[in-house]
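Participant: when you get a sec, could you give me coordinates for this:
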Amino acid sequence: MPSEYVASDQFRGARIQTSDLAGLEVRDCEVSGLKVVDCYGSDVYVGGAFERVVVNDVDVTAYVEAELDRQAPTRVLARNAVSVDDYRAAWDAIETMWQATFDRARLLPEPKVYEQVDGEWSFVETQRHLLLASDAWLGNAVLEEDAPYHPLGFPYGGMPREDSDKLGLTLDATPTLDEVLAPRSARMATMRRVVDGLTEAELDRVCGRKPAEPYPDQEYVVRRCLKVVLKEEAEHHRYAVRDLAVLEART
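Facilitator: Predicted structure coming up:
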């Protein structure tokens, strides 16, 4: 069984040389300044949020961003939202694309919506994560609800178990797709009501809470919190349809 290192800093600043790293997987890690030099292999995959990526001395950052925007135009609307109308237009697009994708997922044999592709979240897990994201950034930070976190929410990969337990999350639950989409759709409807009633003054309001306890103590403005929801929806939709295509091919 391969070794596994979790929440470790033992590789910070390390130099790995003339070693066999075939099949190495690095997930949910801080990799600023990472260098892979004079290495060789096939099928190298890199995914994540990177400010600058250079491959064989060629800066490919702009190319990758442009290609992602071409494949998923909604991410542009989410990223560039500034005015009230921008936020509404982005949410309009997000609602439309997810509805079509929910219909598409329901056409799969039921076990497929729990199946992971290359170790990524299943379709159900993705919906659970987006539920938590909107619970935190919308329900808790923006709306300051008394009980914002639904127990079926699913945190980001690096959240310590004790922190997710404090939020009342049931990570080991095995809900059906419909059981997840019920609170997910309700939260999306809440987002619809919020963006429909947005004003420029509301966008600039400082929230009275942070999204969740693990987040840093700093100022959270409504426009930032809502933009996080938009970007989470857009990016995870891209992942979801990528994996749905694989699941459909397997079916």
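Participant: what are the boundaries of the helices in the stretch 151-251 of the chain?
Facilitator: Secondary structure of the stretch 151-251 of the chain (DSSP state H, counting those that start in this stretch): helices at 161-166, 177-196, 200-203, 222-250.
Participant: between those helices, which gets nearest to Ser19?
Facilitator: Minimum separation from Ser19 across the helices of the stretch 151-251 of the chain (CB to CB) falls at helix 222-250, 30.4 Å. The C-beta positions use only the backbone N, C-alpha and C, and glycine is treated the same way.
Participant: so for the closest one, what gets flagged as buried?
Facilitator: Across helix 222-250, burial judged by 16 or more other CB atoms under 10 Å covers 222-223, 225-241, 243-244, 247.
Participant: just to revisit the earlier point, can you put the helices of the stretch 151-251 of the chain in CSV and add distance to Gly119?
Facilitator: Shown next, in CSV, are the helices of the stretch 151-251 of the chain (distance: least, CB to CB, whole Å):
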stretch, distance to Gly119
helix 161-166, 19
helix 177-196, 20
helix 200-203, 38
helix 222-250, 11
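Participant: contact partners for the closest residue to Ile94 other than its chain neighbours?
Facilitator: Distances taken as CB to CB, 6 or more residues apart in numbering place Glu233 nearest to Ile94, at 4.7 Å, with adjacent residues excluded. Taking CB atoms under 8 Å, 6 or more residues apart in numbering, we find Glu233 in contact with Thr74, Ala78, Ile94, Trp98, Leu130.
Participant: go again with 10 Å.
Facilitator: 74-75, 78, 90-91, 93-95, 97-98, 130, 133-134, 188, 191 (CB atoms under 10 Å, 6 or more residues apart in numbering).
Participant: can you pull the pLDDT of Gly23?
Facilitator: Predicted confidence (pLDDT) at Gly23: the value is 69.
Participant: ditto for Asp28
Facilitator: You'll see Asp28 listed with a pLDDT of 67.
Participant: now swap in the one 10 residues further on and tell me
Facilitator: The predicted local confidence for Asp38 comes out at a pLDDT of 74.
Participant: before we move on, the earlier item: which of the helices of the stretch 151-251 of the chain has the lowest average pLDDT?
Facilitator: Note on the helices of the stretch 151-251 of the chain: lowest mean pLDDT is at helix 161-166, with a mean of 86.
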